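Enquirer: no sequence on this one, just coordinates:
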Ligand SMILES: [Zn+2]
């Protein structure tokens with residue numbers, strides 16, 4: 001891991017919110033508007049899982065060493081599939097590596113899905129503060145109730161082609177094809193099953209919530225936005241929150 005001096009003008013937007021809060025939809029809108037790179041931790045993990053699945057059982061590449069521990073990528077995939085967060089050092093290692101690469105390429109970022117645990121926040125926040133500068137880090141929390149999380153996730157669909165997540169609400173309930181690329185909308189198996197959603201919700205309350213204290217203590221402001229409204233109304237508030 002190496003550090004380079006603060007950049008000028010490049011920024012990081014961090015979007016927080018329980019499963020189903022609309023982070024995916026809002027981050028896509030933001031990315032289109034600002035040209036910032038959409039950094040979705042779930043996609044990085046899925047890419048890593050797919051890579052590991054094609055390796056032989058004893059391949060050294062199936063394991064990641066970080067913070068004096070060794071992580072089996074396929075074990076992490078098991079946790080993920082059950083709605084349990086992956087081991088924080090494993091995620092942190094991948095996220096820091098990817099952020100450094102994108103920073104070197106001159107990208108501004110929108111983080112969705114990181115940090116998700118206190119461990120990850122404690123490692124990632126000093127790291128991005130160092131390279132992007134504190135004043136260039138903006139955080140927004142999209143708030144919804146646990147009931148809404150369960151309702152939205154159990155109805156949620158994704159597109160077959162790019163796995164765009166389509167937020168479930170009045171405007172989208174009858175959609176059958178992806179409005180962005182025209183591919184068929186399907187259910188996301190596993191992660192959006194009701195039992196798995198309950199686990200994800202518990203993980204969010206127990207493991208992501210402590211991050212907010214960390215942010216406050218370290219002077220990272222989090223602006224709150226009411227997520228139980230139309231996509232357009234939430235988006236308007238998200239835009240003013242990052243201004
Ligand atoms: Zn799509």
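Expert: Noted; the coordinates are in hand. Please read these numbers as outputs of a predicted model, since none were measured by experiment.

Enquirer: Quick one: name the residues of this protein near the ion.
Expert: 159, 162, 164, 178, 180-181 (CB under 5 Å from the ion). (Each C-beta comes from the backbone N, C-alpha and C, glycine too.)

Enquirer: Where is pLDDT lowest across those?
Expert: Minimum pLDDT across those is recorded for residue 164, with 86.

Enquirer: Return the helix or strand in this structure with minimum mean pLDDT.
Expert: The least trusted helix or strand in the chain, going by mean pLDDT, DSSP states H and E, turns out to be strand 165-166, with a mean of 84.

Enquirer: what's the distance between the closest residue to residue 216 other than its chain neighbours and the ion?
Expert: Nearest residue to residue 216, sequence neighbours excluded (CB to CB, 6 or more residues apart in numbering): residue 222, at 7.8 Å. From residue 222 over to the ion the distance is 29 Å, taken as CB to the ion, to the nearest Å.

Enquirer: One more: residue 60?
Expert: Computed as CB to the ion, the residue 60 to the ion distance reads 36 Å.

Enquirer: what's the answer for residue 50, then?
Expert: Residue 50 is 19 Å from the ion, where distance means CB to the ion.

Enquirer: Around that residue, how many other residues sit close by?
Expert: 11 (other CB atoms under 10 Å).

Enquirer: cool, residue 28 as well?
Expert: Counted with other CB under 10 Å, the neighbours of residue 28 add up to 17.

Enquirer: Isn't it up against residue 38?
Expert: Yes. Using CB atoms under 8 Å, residue 28 makes contact with residue 38 at a distance of 6.6 Å.

Enquirer: Is the residue of the chain most remote from its centre in a helix, a strand, or coil?
Expert: Ranked by distance from the centre of the chain (CA atoms, centre = their mean), the top residue is residue 58, with 30.2 Å. With DSSP: H, G, I helix; E, B strand; the rest coil as the basis, residue 58 sits in coil.

Enquirer: contacting residues around the residue nearest to the spatial centre of the chain?
Expert: In the chain, the centroid-proximal residue (CA atoms, centre = their mean) is residue 113; its distance is 1.8 Å. Applying CB atoms under 8 Å, 6 or more residues apart in numbering, we find residue 113 in contact with 23, 40-42.

Enquirer: And the buried ones among those, selectable in ChimeraX?
Expert: To isolate the buried ones among the contacts of residue 113 in ChimeraX, judged by 16 or more other CB atoms under 10 Å, type:
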select :23,40,41
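
Enquirer: Inside helices: which ones of the contacts of residue 113?
Expert: Among these, the members falling in helices (DSSP state H) are 23, 41-42.

Enquirer: so which of those would you say is closest to the ion?
Expert: Nearest to the ion out of the ones in helices among the contacts of residue 113 is residue 42 (CB to the ion; 15.4 Å).

Enquirer: Skipping adjacent residues, who's closest to the closest one in space?
Expert: Spatial nearest neighbour of residue 42, chain neighbours left out: residue 113 (5.2 Å); criterion: CB to CB, 6+ apart.

Enquirer: Please tell me how far the one you found sits from residue 123.
Expert: 15 Å (CB to CB, to the nearest Å).
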